[in-house]
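*Asks:* just need the structure, nothing else, for what follows:
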Amino acid sequence: MDKEDKILKTLKPDFGQLRLTNTMLNKSIIDANTSIRRFAKLFKIDFDKMVNGEKHLLPATYEDGTVCNLSFYRTVNRGDRRLSISGIKKQAEEKDLIAFNYTLNKKTGKMAIVINVTAKASNRTQLHTDYKEVYYDWFKIYVQRRYGQQIWL
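*Replies:* Below is the predicted model:
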């Protein structure tokens, strides 16, 4: 078993994963495979119920604590199921395995975490260990988007 497989075995059930291609990195065109669609359903985003052109944003964080957005959408014309990940070019390289995991937060519910499994397996990345701070940042973004207001905790 290689290091990537060992890391994947530590993730919660229903995690999503994909192997990045040049097109995914440079054109932000990522097909939502079965694991991505299953992961999206954990956050009440169901591609089967979306209409062409519909889009859902999910605040997330990379494992190093960098805040990002996951955008789940259907293309306007053909209705292809797609995913976009903000800041992915700074976090990953072509052929990296990316996993989408989640952690539970009692106040805000589930929180999405984007993990570069390849970078983690080869020690190319520094992990963020203070998830309390990450929860705080994520919660601020969630409240601002959901209710249109800043919060100060």
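*Asks:* what sits closest to residue 3 if chain neighbours are left out?
*Replies:* residue 121 (3.6 Å; C-beta to C-beta, 6 or more residues apart in numbering). All C-beta atoms are positioned from the backbone trio N, CA, C, and that covers glycine.
*Asks:* that neighbour touches residue 4, doesn't it?
*Replies:* Yes. The criterion here is C-beta atoms under 8 Å, and residue 121 meets it with residue 4 at 4.9 Å.
*Asks:* three-state assignment of residue 59?
*Replies:* strand (DSSP: H, G, I helix; E, B strand; the rest coil).
*Asks:* that one against residue 114, yeah?
*Replies:* No. Counting by C-beta under 8 Å, residue 59 stays clear of residue 114, with 11.2 Å between them.
*Asks:* quick check: neighbours shared by these two?
*Replies:* Here residue 59 and residue 114 have residue 68 as joint contacts, going by C-beta atoms under 8 Å, 6 or more residues apart in numbering.
*Asks:* what sits against the closest residue to residue 32 other than its chain neighbours?
*Replies:* Closest residue to residue 32 apart from its sequence neighbours, by C-beta to C-beta, 6+ apart: residue 81 at 4.1 Å. By C-beta under 8 Å, 6+ apart, the residues touching residue 81 are 31-32, 37, 47, 50, 72, 74.
*Asks:* residue 19 contacts residue 95, correct?
*Replies:* Yes. The pair residue 19 and residue 95 passes the contact test of C-beta under 8 Å, sitting 6.5 Å apart.
*Asks:* more neighbours: those two, which one.
*Replies:* residue 19 (14 against 11; other C-beta atoms under 10 Å).
*Asks:* what does that one show for phi and psi?
*Replies:* phi -100, psi 120 (degrees, to the nearest 10).
*Asks:* ok, what's across the strand from it?
*Replies:* Counting by DSSP bridges, residue 19 is bridged to residue 97.
*Asks:* distance of it from residue 51?
*Replies:* 29 Å (C-beta to C-beta, to the nearest Å).
*Asks:* what about the chain, any weak spots by pLDDT?
*Replies:* 1, 11-12, 105-108, 124-153 (pLDDT under 70).
*Asks:* got the residue ranges for the helices in it?
*Replies:* Counting by DSSP state H, the chain has helices at residues 3-9, 22-27, 34-41, 88-91, 117-121, 131-147.
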